[in-house]
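[1] Have a look; sequence and predicted model below, questions after that.
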Amino acid sequence: MKTTPHLFAQRLSKALLALSIGLFGLMVASGNLLDYDSNWQFVRHVLSMDTMQPWFHGDALRGRAIHSEAIQRLAYAAIIAGELAVGLLCAAGGAMLLLALRPTGRIWLPRGKACFTLGATLAILVWHTGFAVIGGEYFAMWANQFNGQFSAYAFTGIALLALIYVNQPESSADE
């Protein structure tokens, strides 16, 4: 079956989007490693709940705070590992989707989509479950001076939309 310009454009678009999500994950992970202390302060303060806004009087929620530096550092390492895995999986998926553009590359299309699906799902788990749910709600990050909820929701939305788009079947019809 001959690849139409429309089909080629769809596949190229999906590959580039997957690579972009992968690049984001890799940039965030590398930023956390290269500027470890700045980002460590964010995680430490959210988990210890020691920089809450003056108007926050949630004493019942403050009991959730984690003051153990070892556990805080373990949580930070898990975040960095998750971000790195997102970057690697999505970038690998994007690279495979690029390979699928070749006339002999059909085998790479389902592999690339599968790899990207794992990476994008992990992205949703890291930023939605990790930052929005656990950080935002369990540790009341919404009331903390260190509040990353908006960024977490924004990236979660992008990852979810990309996950849906990349997994849509391609149409070879030029509409």
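    Received the coordinates, thanks.

[2] What is the worst-scoring helix or strand of the chain on mean pLDDT packed up against?
    Among the helices and strands of the chain, helix 59-62 carries the lowest confidence by mean pLDDT, DSSP states H and E, at a mean of 88. Using 3 or more C-beta pairs under 8 Å, 6 or more residues apart in numbering; DSSP states H and E, no helix or strand is in contact with helix 59-62. Where C-beta positions appear, they are placed from N, C-alpha and C, glycine not excepted.

[3] gap between the residue nearest the centre of the chain and residue 4?
    Geometric centre of the chain, nearest residue: residue 123, 2.9 Å, by C-alpha atoms, centre = their mean. Here the criterion is C-beta to C-beta, to the nearest Å. By it, residue 123 lies 31 Å from residue 4.

[4] And the nearest residue to residue 65 once chain neighbours are set aside, what's its pLDDT?
    Spatial nearest neighbour of residue 65, chain neighbours left out: residue 49 (4.0 Å); criterion: C-beta to C-beta, 6 or more residues apart in numbering. Confidence at residue 49, expressed as pLDDT, is 95.

[5] go on, residue 5?
    So residue 5 comes in at 88 (pLDDT).

[6] Tally up the residues packed near it, please.
    Residue 5 has 9 neighbours, counted by other C-beta atoms under 10 Å.

[7] What's the separation between it and residue 102?
    Residue 5 is 16 Å from residue 102, where distance means C-beta to C-beta.

[8] same deal with residue 33?
    In this view, residue 33 and residue 102 are 34 Å apart by C-beta to C-beta.

[9] List the buried residues in stretch 122-134.
    Within stretch 122-134, the residues that qualify as buried are 122-124, 126-128, 130-132, counting by 16 or more other C-beta atoms under 10 Å.

[10] now do stretch 44-63
    Using 16+ other C-beta under 10 Å as the burial criterion, the residues of stretch 44-63 that qualify are 44-49, 52, 61.

[11] Ok, stretch 146-158 next?
    Those would be 146-149, 152, 155-156, 158, for stretch 146-158 by 16+ other C-beta under 10 Å.

[12] can you list contacts of that stretch?
    21, 24, 41-42, 45-46, 51, 123-124, 127-128, 130-132, 135-136, 141-142 (C-beta atoms under 8 Å, 6 or more residues apart in numbering).

[13] if we can go back for a sec, next, the contact list for the residue nearest to residue 65, please.
    61-62, 64-65, 139-140, 144.

[14] PyMOL command for the buried members of those?
    Buried residues among these (16+ other C-beta under 10 Å), as a PyMOL selection:
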select buried, resi 61+139+140+144
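
[15] Return the closest of the contacts of residue 49 with respect to residue 88.
    residue 139 (27.6 Å; C-beta to C-beta).

[16] For that closest one, which residues are in contact?
    Residue 139 neighbours (C-beta under 8 Å, 6+ apart): 46-47, 49, 64-65.
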